[in-house]
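Peer 1: How does the following fold in three dimensions:
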Amino acid sequence: KVLSSWPRGARHAWCCMLANPQNLNIGSMLQSPKTSPFALALQASRYVLVVPNRHRSVYTRLWCGYEAYVASEDAKTIQIATA
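Peer 2: Here you go, the predicted model:
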């Protein structure tokens with residue numbers, strides 16, 4: 001799914017689910033979402049590849065909605081992975 005949807009010309013990936021601690025208190029990292037490690041990495045990107053799952057929309061999670069907002073505001077190329 002991911003490989004078949006990979007943006008042409010993209011050579012690197014940053015996976016927020018692997019990069020941000022998922023089970024720790026990261027409140028201090030998120031005092032200002034615009035300057036969080038995630039937002040800084042997203043600002044440096046050219047593409048956003050959304051990888052949905054079949055159980056629930058990724059946009060039911062607040063952070064995923066914020067990712068989409070930041071990517072859209074920064075005019076990133078956004079692609080949704082399909083099978």
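
Peer 1: Can you point out the helix or strand that includes the residue positioned nearest the centre of the chain?
Peer 2: When CA atoms, centre = their mean is applied to the chain, the residue found nearest the centroid is residue 67 (5.3 Å). If you go by DSSP states H and E, residue 67 is part of helix 62-73.

Peer 1: For this structure, which segments count as helices?
Peer 2: 2-5, 16-19, 37-44, 62-73 (DSSP state H).

Peer 1: By mean pLDDT, show me the worst of those helices.
Peer 2: Ranked by mean pLDDT, the helices of the chain bottom out at helix 16-19, with a mean of 68.

Peer 1: coming back round to it: tell me which of the helices of the chain sits nearest to residue 81.
Peer 2: Residue 81 sits nearest to helix 2-5 of all the helices of the chain, at 3.9 Å, using CB to CB. Using the backbone N, CA and C atoms, a C-beta is placed for each residue, glycine as well.

Peer 1: so how far is the closest one off the chain centroid?
Peer 2: 16 Å (CA atoms, centre = their mean, to the nearest Å).

Peer 1: cool, stretch 72-83 as well?
Peer 2: 9 Å.

Peer 1: now stretch 63-81
Peer 2: For stretch 63-81, the distance to the chain centre is 7 Å (CA atoms, centre = their mean).

Peer 1: thinking again about what came up before, just give me how far the helix holding residue 67 sits from the chain centre.
Peer 2: 8 Å.

Peer 1: before we move on, what about stretch 34-42?
Peer 2: 10 Å.
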